[in-house]
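Colleague: Please find the sequence and the predicted model below.
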Amino acid sequence: MKSAEVQFEKITPKTFPKGPDSLASGHRACQGCGEVLALRLLMKALGRDFMAVSATGCMEVCTSPFPQSAWEMPWLHVAFENAAAVAGGVDAGNVILRRKGKLPDKRIPVVAIGGDGATADIGIQALSGALERYHENFIYICLDNEAYMNTGIQRSSQTPFGASTTTSPAGSHSKGQSTWKKNMPAIAVAHNIPYVATGSPAFHLDLMNKIRRAAAIPGPAYLHIYAPCPTGWRMKAELSVESSRLAVNSRIFPLYEVIDGQYILNKKVDQPIPLVEYLKPQGRFRHLMSEDIAKIEERVNHEYEYIVKLSESFVEPLF
Amino acid sequence: MSSINSTKPVGIEVSLAIAEAVKLAEVEVVAAYPITPQTHIVEHLSDLVANGELNAEYVPVESEHSALSACIGSSAAGARTFTSTSSQGLMLMAEIVFIAPMLRMPIVMAVANRAISGPLNIWNDHSDVMSIRDCGWIQIFAETGQEATDLSIIAFRIAEDKNVMMPLILNLDGFTLSHFIEPIIFPEADKVKKFLPPYETSHKLDLNNPLSFGLLGGPEVYTEARRDTDLALLNSRSHVQRIFDEFAGAFGRQYRLVETYKTEGAETIIVTIGSISETAMSAVDEMRAVGEKVGLIHIRLWRPFPVVEFRAAVAGAKNLAVVDRHISMGFPEGPVGTEVRALMYHEKERPRISNYVLGLGGRDVTRNHFKYIVEQVKSLGADKRQGGYEMVGVLE
Ligand SMILES: Cc1ncc(C[n+]2csc(CCOP(=O)(O)OP(=O)(O)O)c2C)c(N)n1
Ligand code: SF4
Ligand SMILES: [Mg+2]
């Protein structure tokens, strides 16, 4: 079956999952943490019928100080760069136990969760391997707060151009991060997996349904989720959701899906809000001059148009 | 290969025999990355899976780091799990090697011992496994092909024992053991089924009983977490011997934590680990034939160290000549030498301890080397505390 035709129970405002989600309260995430917000939406979408594997990073540290754990489904953390490999192993274990009749004959989604550093930098090899090996029930979630927050806001390959971090500081000889964000979804797409998507906690139904679709489609899925970090971005905690919305509406973080290679733009932004409105509340961009912002805006529009073009070209699925 | 089910010896390469034994153990997940001299083990396993002779998932990972990571995942899912590596592969996975024991995942890993770079060298010594000495795995050294085969089955029984639940490394010398064709008696499949029942555990990821594995351990619990792992490892010692004995009962081949050879009345005891023990035995035979009071001890269980058994085995000896296949850079002794010295320090009747490093990076170890070592020990001065240390056979 074509992945686009795989059916799943869609979440609507009316069927929004009620009650506490399966990430217990009392975790130590900062106020306004976008990562934990995205994580809770994931929990609402999947309930408890999945297994989670975390990479080292903010979400792992703040949810699991022994003897407490916020995870109400089976959960495993091993190290920083290997969540994809560990999750692939969990899936292999589930697959053989199911084949031998030791587990019920039902797919168990295995969800690997990593920050942008765990995903795009140190863990990209393990991720690439897992995607290429085509684990049947494998979902990889990148929570992208655009830096290594757990270790103190160091730059990553997902840090946007111009952002000041502790290892790409702005200074008299530096505009902050000097490189452009590496395109992780495109890298995932290049593995010819059935499902890749971007998501944002400000668009919660869109995000939850993408997670449900990822779980429903057999084969590996990659979700790249925008996750504001008020602490690392030097931004007011209450602006987390707002900045997630601005990111989409300014085109800097477009929402799209790639199903069997076909790009689908989920939210067309014909009249983008000026990028400066997105950048301004964030202390990490404070040093940027109007010409810097113009340069970034040009690039953002170019990258957005590229996604639009991809979504307008029809791709006949390979399988 | 499926016809192997007889009590008669079959001539087979040791690597393939290990893979056949792992098949007899009905392993469920194999995740591995190829590296010489481990390759034949995992190639044969992937063959067995491809031919439908082994109902398992073979996960062809992209690195050793991911190999052990995937093994932790599959073991946590409750599947019987095997991997194998050597040298650089073990170095690459080292980060994860130290995590598996704390998670109490009963993974079995065969390490075909090989020198570590640099310079690049694919041949045998023990520098790979000695570099991760303190990792918390049960570590056993196989001496012969028969042992390597039997131990490949015994390993799962030990690792998965409810009183143990620890990962286990089975060391075998790269090439000099892994690539030799030896006559091997395969344990019968039906008897193996009895000796090693399917892996059942509640220590796993389970939707009906959700557990969290790998929590953050701050200063208030880290010490205890490490102590508990260490206790679990130390505690496994008696179970290893118990399971060796059970194996002997079922299959008639008895293994011990420390093996002795002609140690009665021996003034000098050579201490070895791994397959050079066989060469050492021949050397001992030849020396005994000309009246030398020499014996041999082969340490089979390296971790947890069989302290009591070792001390009992060397009792009465005047000299210990400890052989190392690894240099501890910056310290005037190899790791086995240092450990033996530390173990014997408080003994009332303490033998003089000498240490000889040899056979690095595949350089041959011959009977003459052991004769040379014994000569060196005999020529030491009168001071009983003053043992020798030498890297044997260094070319200038
Ligand atoms: C091999 C290794 N290198 C470095 C670290 C230190 N470290 C832990 S978490 C982390 C950064 C995490 O960043 P990211 O993946 O983006 O997650 P975040 O904390 O931002 O959610 C680093 C560098 C480590 N634990 N292991
Ligand atoms: S530092 Fe950022 S990512 Fe980490 S918990 Fe705080 S807000 Fe969340
Ligand atoms: Mg991050």
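Modeller: Everything's here; your move. Ligands and ions are numbered 1, 2, ... in the order given.
Colleague: residues of the lengthiest helix in chain A that come out buried?
Modeller: When chain A is parsed with DSSP state H, its longest helix is helix A:290-312. Across helix A:290-312, burial judged by 16 or more other C-beta atoms under 10 Å in any protein chain shown covers A:292-293, A:296-297, A:299-301, A:303-304, A:307-308, A:310-311. To be clear about C-beta, it is placed using only N, CA and C from the backbone, and glycine gets the same treatment.
Colleague: got it, and stretch B:262-276?
Modeller: In stretch B:262-276, counting by 16+ other C-beta under 10 Å, buried: B:262-263, B:266-276.
Colleague: Can you tell me which of those end up in helices?
Modeller: Counting by DSSP H, the buried residues of stretch B:262-276 place B:Ile276 in helices.
Colleague: any idea of the mean pLDDT for the helix or strand encompassing B:Glu20?
Modeller: Here B:Glu20, judged by DSSP states H and E, is contained in helix B:14-24. What helix B:14-24 shows for mean pLDDT is 98.
Colleague: Give me the packing partners of the longest helix of chain A, helices and strands only.
Modeller: Using 3 or more C-beta pairs under 8 Å, 6 or more residues apart in numbering or on different chains; DSSP states H and E, the elements in contact with helix A:290-312 are strand A:262-265, helix A:275-279.
Colleague: Tell me which of the ones you listed sits nearest to chain B.
Modeller: Nearest to chain B, of all these, is strand A:262-265, at 26.8 Å by C-beta to the nearest C-beta.
Colleague: Quickly list what the one residue in the stretch 1-150 of chain A that gets nearest to ligand 3 is bridged to.
Modeller: Residue nearest to ligand 3 within the stretch 1-150 of chain A: A:Gly115 (3.6 Å; C-beta to the ion). A:Gly115 has these beta-bridge partners by DSSP bridges: A:Leu143.
Colleague: A:Cys62 is in contact with that one, correct?
Modeller: No - if you go by C-beta atoms under 8 Å, A:Gly115 and A:Cys62 don't touch, sitting 11.8 Å apart.
Colleague: re earlier: how close does the residue of the stretch 1-150 of chain A closest to ligand 3 get to ligand 2?
Modeller: Distance, A:Gly115 to ligand 2, by C-beta to the nearest ligand atom, to the nearest Å: 8 Å.
Colleague: and residue 169, what does it touch?
Modeller: Using chain A here. Residues in contact with A:Pro169 (C-beta atoms under 8 Å, 6 or more residues apart in numbering or on different chains) are A:Gly176.
Colleague: that answer is for a different chain, and I need it for chain B
Modeller: Contacts for B:Ile169 (C-beta under 8 Å, 6+ apart) come out as B:109-111, B:129, B:137-140.
Colleague: Report the entries of those that also contact chain A.
Modeller: Counting by C-beta under 8 Å from any C-beta of the partner chain, nothing from the contacts of B:Ile169 sits close to chain A.
Colleague: List buried residues within those residues.
Modeller: Burial by neighbour count, 16+ other C-beta under 10 Å: within the contacts of B:Ile169 this picks out B:109-111, B:129, B:137-140.
Colleague: returning to that earlier point: so can I have a markdown table of the buried residues of helix A:290-312 showing distance to ligand 1 and pLDDT?
Modeller: Shown next, in a markdown table, are the buried residues of helix A:290-312 (distance: C-beta to the nearest ligand atom, whole Å; pLDDT from 0 to 100):
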| residue | distance to ligand 1 | pLDDT |
| --- | --- | --- |
| A:Asp292 | 24 | 98 |
| A:Ile293 | 25 | 98 |
| A:Ile296 | 21 | 98 |
| A:Glu297 | 25 | 98 |
| A:Arg299 | 22 | 98 |
| A:Val300 | 22 | 98 |
| A:Asn301 | 27 | 98 |
| A:Glu303 | 21 | 98 |
| A:Tyr304 | 24 | 98 |
| A:Ile307 | 23 | 97 |
| A:Val308 | 28 | 97 |
| A:Leu310 | 27 | 96 |
| A:Ser311 | 28 | 97 |
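Colleague: what would these look like in CSV with distance to A:Phe80?
Modeller: Rendered in CSV, the data for the buried residues of helix A:290-312 read as follows (distance: C-beta to C-beta, whole Å):
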residue, distance to A:Phe80
A:Asp292, 32
A:Ile293, 34
A:Ile296, 30
A:Glu297, 34
A:Arg299, 30
A:Val300, 30
A:Asn301, 35
A:Glu303, 28
A:Tyr304, 32
A:Ile307, 30
A:Val308, 36
A:Leu310, 32
A:Ser311, 34
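Colleague: of those residues, closest to A:Gly129?
Modeller: A:Leu310 (25.6 Å; C-beta to C-beta).
Colleague: Would you map the helices across the chain?
Modeller: I'll assume chain A. Under the criterion DSSP H, chain A contains helices at A:34-46, A:58-63, A:83-99, A:116, A:124-133, A:184-189, A:204-216, A:230-233, A:240-249, A:275-279, A:290-312.
Colleague: that answer is for a different chain, and I need it for chain B
Modeller: Applying DSSP H to chain B gives helices spanning B:14-24, B:39-50, B:64-77, B:87-92, B:94-97, B:100-103, B:127-130, B:145-160, B:189-195, B:222-251, B:276-289, B:307-314, B:335-344, B:367-378.
Colleague: Quick check: the residue of the stretch 201-350 of chain B nearest ligand 3.
Modeller: B:Leu216 (17.1 Å).
Colleague: Around chain B, which positions in the stretch 101-250 of chain A sit nearby?
Modeller: So the stretch 101-250 of chain A meets chain B at A:102, A:108, A:125-126, A:128-130, A:132-133 (C-beta under 8 Å from any C-beta).
Colleague: so which pair among these is furthest apart in space?
Modeller: A:Lys102 and A:Gln125 (31.3 Å).
Colleague: Which residue ranges make up each domain of chain B?
Modeller: Domain assignment for chain B, taken from automatic domain parsing, gives B:10-251, B:258-391.
Colleague: Off-centre distance for the last one?
Modeller: Mean-position distance between domain B:258-391 and its chain equals 18 Å (C-alpha atoms, centre = their mean, to the nearest Å).
Colleague: can the buried ones among the contacts of B:Ile169 go into TSV with extra columns for pLDDT?
Modeller: Formatted as TSV, the buried ones among the contacts of B:Ile169 follow (pLDDT from 0 to 100):
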residue	pLDDT
B:Met109	99
B:Ala110	99
B:Val111	98
B:Val129	98
B:Trp137	98
B:Ile138	99
B:Gln139	98
B:Ile140	98
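Colleague: My guess is A:Asp121 contacts A:Ser156. True?
Modeller: Yes - A:Asp121 lies in contact with A:Ser156 (C-beta under 8 Å); the separation is 5.5 Å.
Colleague: And those two? Which one has more around it.
Modeller: Neighbours per residue (other C-beta atoms under 10 Å in any protein chain shown) separate A:Asp121 from A:Ser156, with A:Ser156 holding more: 25 against 17.
Colleague: Identify the residue nearest residue 204 in space, chain neighbours excluded?
Modeller: No chain in the question, so chain A it is. A:Leu41 (5.4 Å; C-beta to C-beta, 6 or more residues apart in numbering or on different chains).
Colleague: if you could check chain B rather than the one you did, that'd help
Modeller: B:Gly78 (3.9 Å).
Colleague: Quick one: residues contacting that neighbour.
Modeller: Shown in contact with B:Gly78 (C-beta under 8 Å, 6+ apart): A:93, A:97, A:102, B:199, B:201, B:204-206.
Colleague: can you list these in CSV and add pLDDT?
Modeller: Listed next are the contacts of B:Gly78 as CSV, based on pLDDT from 0 to 100:
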residue, pLDDT
A:Gly93, 98
A:Leu97, 98
A:Lys102, 98
B:Tyr199, 98
B:Thr201, 98
B:Lys204, 98
B:Leu205, 98
B:Asp206, 98
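Colleague: Turn these into a markdown table, including neighbour count and distance to B:Gly11.
Modeller: Formatted as a markdown table, the contacts of B:Gly78 follow (neighbours: other C-beta atoms under 10 Å in any protein chain shown; distance: C-beta to C-beta, whole Å):
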| residue | neighbour count | distance to B:Gly11 |
| --- | --- | --- |
| A:Gly93 | 32 | 35 |
| A:Leu97 | 23 | 36 |
| A:Lys102 | 16 | 36 |
| B:Tyr199 | 21 | 31 |
| B:Thr201 | 14 | 37 |
| B:Lys204 | 21 | 40 |
| B:Leu205 | 26 | 43 |
| B:Asp206 | 17 | 44 |
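Colleague: Good, wrapping up.
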